[in-house]
Structures are given as structure tokens and as C-alpha cells.
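Q: Structure, please.
(chains A, B, C and D)
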There are 2 protein chains.
Amino acid sequence: MPRAGLTPDRVARAAADLADERGWEQLTLAAVADSLGVRQPSLYKHVASLAALRRMVSRLAVTELGERLMSAVAGRSGTDALQQLAAAYRRYAHERPGRYAASVVAPAPGDDEHARVGEAIIATIAAVLRGYHIGDGPADESVLHAIRALRAVLHGFVALEAAGGYALALDLDESYRRLVDGFDAALRRQAEQPRDAGTPVGATTVRGAR
Amino acid sequence: MPRAGLTPDRVARAAADLADERGWEQLTLAAVADSLGVRQPSLYKHVASLAALRRMVSRLAVTELGERLMSAVAGRSGTDALQQLAAAYRRYAHERPGRYAASVVAPAPGDDEHARVGEAIIATIAAVLRGYHIGDGPADESVLHAIRALRAVLHGFVALEAAGGYALALDLDESYRRLVDGFDAALRRQAEQPRDAGTPVGATTVRGAR
DNA sequence: ACCGCCAGCTATAGCTATTAGCCTTTTAGT
DNA sequence: ACTAAAAGGCTAATAGCTATAGCTGGCGGT
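A: Sure thing, here's the model as predicted:
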């Protein structure tokens, strides 16, 4: 019997593909083995457990998403960069739903590679937001809060979309466009009038619908 | 052998409690049976399957969340209502993490009760947003897009928070406050200058951080 | 050609969902 | 009350999944 020539990487890739096809929750070692033409226990020569495999897929997904975001904003800035970032983010979630779901799970403590690629995404987002010149100095935390806000906006939309949470017969592209435009407007607004303690600042563009 | 006195409702409630304690993903019929002091197959006299039980928990959660949101905004309007709504939403996700996760799954086609309570949440959100007077007429879809945007913002934040996605040592309450304030500002802005086709409108308040 | 390692295999244990069939408690009808 | 039907809980059994143990043969290095 010829060998299958598996490697941890090939296994992770097959698992990621299966997650995209059948769903991240439905990912199973049995199915992965099957798709690789191998018996299920054989996988244990390459991965420690199902949980470990999931972590590998998660790392893989974060890496891929990071690359896509990075190249989406390369050479751009301001509104243009933000729009391209948002479009690339949602596109990835559509094209690779299983990987996207995997990308959301937090790195295991001690998984430095995973943490590193995760921070690369944050860095890309931070670079885009810095183009808006919000906050008054290097010590200002406004950009950090803005990163959280943007991630919430992007993930919230694509997650609800994927969950079938937007039932209404109303154009999703339009909703997303307005959401991103609104965020952009809020950033500009915040740049104009930096928030002193107590003064509400920023605003999410709103023309959303259920 | 005295009877346990189970009902579909009691089973669903026990399942919801377990989901809160151990996680929605880890919800298992075996654990539910155990917590009810009953053998596992006995549950089948009350629920059709694990999937059906999950749907019941989901319905339960949507109902509860809807009640909380409703009472949070009762007698309030504008910024006040929005802030209370947002606070109640996040509080529910914190207090009942398993139920919250359950509440996000879309109603099964044909589950009218589930759809109904889901729409009650939308109605509550819509009521709050209508207080901002965005859009120019009854036919304007701005409010619908705004509902989607607000849901994305709220869910995105609490989902990333629950997933451990906000690793930075930066106050989460403050991030959320700024996010909601920003959304509020964006709504006001949009009310002032209703968007004609092509004009970017609305903005998410931004002082987020990762 | 020879040797050793390691990848993939079979066998198996333990957990979960689900079905079938039994038996006893409860309830409804007279 | 009496009884028959219905309902609720049980044991037994099946099937799929993860995970471990131990065997075996292919392949690279000498």
C-alpha cells in the first residue's frame, strides 16, 4: 500500500476545505480522513487531536484573512482604504465561511504564531485608522477603541448575515455599504472634534435595516 | 419509580441553563438528562431530537432577550433609549452566554413562534430608531438599514468579546460606550442631513480599540 | 542489500444520539 | 371504583465519533 504522503499542513488544509463546504461546526476527523483517502486513526500521526486540528485551521484562516486585508489596503488610505478593507473582509467570509468562522476563535494561550498573525490583522486595521488622524497624541487610546469598534462592525455584520439573521428582503450589499460609509463618516467627525472626556464622539453611519 | 414530571418546557429550561454554564456548543442530551436526574433516552418523550431541543432553547432565548430589551427601553426615547437598549443587550449576553449564543441562530422555516418573537426584537429596535427621525418618509428604507447596522454593532461587539477576541488590556466598558455613543451621533447626523443617493451618510462613533 | 523508523492500518474502548420495546404510573371513561 | 388507554420513564441495542494501542510494511540512509 502506497503511502498517502500526509503532513500536518495538508491535513489542516483539507480540514479547512471541509469546514468551508460543510460548516466549521460539522468539522470531523472522520470526514477529513475520508477526504484524504485515509483511515481515521492515521490522522493522529500528524495532528494531536480534533481540538488541535481546529486550532491549526484557525491559525491558517487568520493568516489568510490577514494577507487578504493587507493586500486590499496596500497603497491606499483614508476612505478608500477603509472601504477596500471592509469589502475584502466580507468577501473572505463569503468565499470561505468555514475558515472565517475558525478565524474568530481566540488563539490558545502559548500559541505564539497564532497570536502573531492575529496581531498582523490588528496592525493592518490600525494602519487604516491612523489615516484618519483621530486622537490627539501617541498616548491617546482612541485608535485602540476604534479598532475594536471596526472589528465589531465588520464581524457583527458578516456573522449575522451568515447566521441568516437578516431575513428581510432588503439589499445586503446596500446595508453593508451604508454601515461602512457611516463608520467612515464617524471617523472623520471624530478627527474634526477630538473627544474630551465626557463629550460623546464618533458615530456609526446608520441606515441599517433588519 | 416515581415520575420525574418532565415537560418539554422544563427540559428546554434545563438545557438553557447547561448551555449558560458549559457553553452552547457543548450542549448535550446526556448532560441535560443527567441534570434532570433521568436516563438519557427518557428525554425523547419530550423532545424530538437534540436539534429540536436546540431550537427550543433558541426560541426561549429570543423570547427572554426580547423581554429584556423591551423593558429596558420602556418609557424612554432617543439617546437614552439607545443606551439602555445597548446596555441590556450586552448584559444579557454576559449573564446568559449560552442562551445568547442560542438566540443568534435563525428560526427554522415554519417555526412561526420563533419568527414572531424574533420580530418583536426587531420591532423594539425599530421603535428606538424611529425616535431619531431618520429617513424622509414612510417608504424610506433608512430605518431598515439602520436596524441591521445596530444589530451588527451590538452583536459584533458582544460576540468578539465572548470569543476572547479583544485581547488588549483596554477597558471593554469604555470601548462599548464609545461604540454606542458613536452610533448615536451617527443617527443624529443622519437625521440632520438625510442622505440622497450617493451621499455617504451615518457614521459609527469611533474610539474603539482592539 | 540491510536496517530502522515512521506512516498508515486494524482492533477496541468510551462517549453521544437515536430507536425499539417493556413496564408502570397516571388519567379518562364508564 | 374499575378498567382501559395513554403516557412517561427504563433497559437494551445500534451507529457514528474521538482517541489509544499495537502491528506491519514501505522507504531513506548506509
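Q: immediately after the host helix or strand of A:Asp9, which helix or strand?
A: Taking DSSP states H and E as the criterion, A:Asp9 maps to helix A:8-22. Remark: after helix A:8-22, the chain's next helix or strand is helix A:29-35, criterion DSSP H and E.
Q: Just the helices from chain A, written as ranges.
A: Under the criterion DSSP state H, chain A contains helices at A:8-22, A:29-35, A:50-73, A:78-95, A:97-103, A:112-130, A:142-162, A:172-192.
Q: ok, A:Val57 to B:Ala52 distance?
A: Taking C-beta to C-beta, to the nearest Å as the criterion, A:Val57 is separated from B:Ala52 by 29 Å. Any C-beta I mention is one placed from the backbone N, CA and C, and that applies to glycine too.
Q: For the helix holding A:Asp9, give the mean pLDDT please.
A: Across helix A:8-22, the average pLDDT comes to 98.
Q: buried ones in that helix?
A: If you call a residue buried by 16 or more other C-beta atoms under 10 Å in any protein chain shown, then helix A:8-22 has these buried ones: A:Val11, A:Ala12, A:Ala14, A:Ala15, A:Ala16, A:Asp17, A:Leu18, A:Ala19, A:Asp20.
Q: ok, for the last one, nearest residue in space, not its chain neighbours?
A: Pointing back at A:Asp20 there. For A:Asp20, ignoring the flanking residues on the chain, the nearest one in space by C-beta to C-beta, 6 or more residues apart in numbering or on different chains is A:Gly98 at 3.9 Å.
Q: burial measure for that neighbour, as a count.
A: The tally of other residues near A:Gly98 (other C-beta atoms under 10 Å in any protein chain shown) stands at 22.
Q: now A:Ser71
A: A:Ser71 has 12 neighbouring residues, counting by other C-beta under 10 Å.
Q: and the nearest residue to it once chain neighbours are set aside, how far is that from DNA strand C?
A: Distances taken as C-beta to C-beta, 6+ apart put A:Ala88 closest to A:Ser71, at 7.9 Å, once the chain neighbours are dropped. Taking C-beta to the nearest atom of the strand, to the nearest Å as the criterion, A:Ala88 is separated from DNA strand C by 35 Å.
Q: can I assume A:Ala88 is in contact with A:Arg76?
A: No. A:Ala88 is beyond contact range of A:Arg76, at 11.0 Å (criterion: C-beta atoms under 8 Å).
Q: for chain A, which spans come out with low pLDDT?
A: A:1, A:194-210 (pLDDT under 70).
Q: Near DNA strand D, which residues of it? Just list them.
A: Applying C-beta under 7 Å from any atom of the strand, one finds that chain A approaches DNA strand D through A:1-3, A:28-31, A:40-41, A:44, A:49-51.
Q: on that earlier part again, who are the contact partners of the residue nearest to A:Ser71?
A: A:Arg68, A:Leu69, A:Ser71, A:Ala72, A:Val73 (C-beta atoms under 8 Å, 6 or more residues apart in numbering or on different chains).
Q: Filter those residues down to the buried ones, ChimeraX style.
A: Those of these that meet the burial criterion (16+ other C-beta under 10 Å) are gathered into one ChimeraX selection, given here:
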select /A:68,69,72,73
